[in-house]
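**Student:** 3D, please:
(one chain, ligands or ions: 1)
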Amino acid sequence: MEAQVINIMTYEVIGSKDKAVAVIAYGVKTPKKLAKNIMKTHKNIKSVLQKTGERTGVYRIHPCKLLAGNKNTEVIHKENGFSIKVDPQKVYFSVREAEERQHIANMVKSGEKILIMFSGANPFGIAIKKKHSDVYITSVEINPAAVAYANKNNKLNKINRVRNICADIRHAKLEKFDRIIMPLPETAISFLDAAYHFAKKGANIHVYTFNRSFNEAARDVADTCHMFNIKCHKVGEHKVLPYGPGIYKFRIDLKV
Ligand SMILES: C[S@@+](CC[C@H](N)C(=O)[O-])C[C@H]1O[C@@H](n2cnc3c(N)ncnc32)[C@H](O)[C@@H]1O
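**Tutor:** Presented below is the predicted three-dimensional model:
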């Protein structure tokens, strides 16, 4: 079964037809009643969580409380022909980014060496590998629980040439890459100097940012590149998803 997103504003469902977890949005009224209804209507949903706040901390995880069902909230999410094992209480994961993962996978070229910064359980890496078996992927993530899931996801999807490193990207010792993906919209821009350091001449860098408009997003990226003396130019831009009132997640594509 593909992603079961019933009402994206009220709750999202992560998992499969066998076992899924529903995560009710922060601030939804009468959440216990909703949790009961969800469990009654969808037999695959074994747990219902509610977000109790915005994503916090370095690991970018929503604080949640269990409203109904099993306290074990580890699931295997099915997306575009691959599987992602994840516990949303321990690791960042968003079903809403499935389309964006495909956009990135579609830009990748045969044989590339790719760096995924801030890789979480590595849904970007798996999505890319499922389309391009001959690429080499290095994923760097600071949350050990996320890296453990990334390693499990390599096995689950029977993929190789994906190296998952548990580290702060600022302290990682790595070679140079053809493509660098930076999916940490809150602060990715401030890591552009690290991305540049790891970029081959001609490399593509995809940086994510929260802004009000394309112009603001492009200006923030350009100002930061100027500050870090990064020599690159913008080759693309994309509005990924709405984030809050008047705020969107944007992707800016750079060429070194
Ligand atoms: C927005 S999440 C994206 C996770 C994953 N790419 C995905 O799409 O599901 C950002 C991730 O960056 C990680 N992170 C934050 N700061 C980091 C750093 N300095 N070095 C490496 N990883 C970092 C967090 O733990 C979190 O898992």
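**Student:** please name the residues that touch residue 138.
**Tutor:** 113, 114, 115, 116, 163, 165, 174, 177 (C-beta atoms under 8 Å, 6 or more residues apart in numbering). Using the backbone N, CA and C atoms, a C-beta is placed for each residue, glycine as well.
**Student:** was I right to think the fifth one contacts residue 140?
**Tutor:** Right, the one you point to is residue 163. No. Using C-beta atoms under 8 Å as the test, residue 163 is too far from residue 140 to be in contact (9.2 Å).
**Student:** domain-wise, how is this protein divided?
**Tutor:** What automatic domain parsing lists as the domains of the chain is 11-86, 97-255.
**Student:** who wins for proximity to the ligand among those domains?
**Tutor:** Counting by C-beta to the nearest ligand atom, the ligand lies closest to domain 97-255 out of the domains of the chain; the figure is 2.7 Å.
**Student:** so is that closest one next to the ligand?
**Tutor:** Yes. Domain 97-255 comes into contact with the ligand (C-beta under 6 Å from any ligand atom), by way of 97, 118-120, 123-124, 140-143, 146, 168-170, 183-184.
**Student:** stretch 44-56 now?
**Tutor:** No. Stretch 44-56 stays clear of the ligand (C-beta under 6 Å from any ligand atom), getting no nearer than 7.7 Å.
**Student:** show me how to select, in ChimeraX, the buried members of the residues of domain 97-255 next to the ligand.
**Tutor:** To isolate the buried ones among the residues of domain 97-255 next to the ligand in ChimeraX, judged by 16 or more other C-beta atoms under 10 Å, type:
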select :97,118,119,120,123,124,140,141,142,143,146,169,183,184
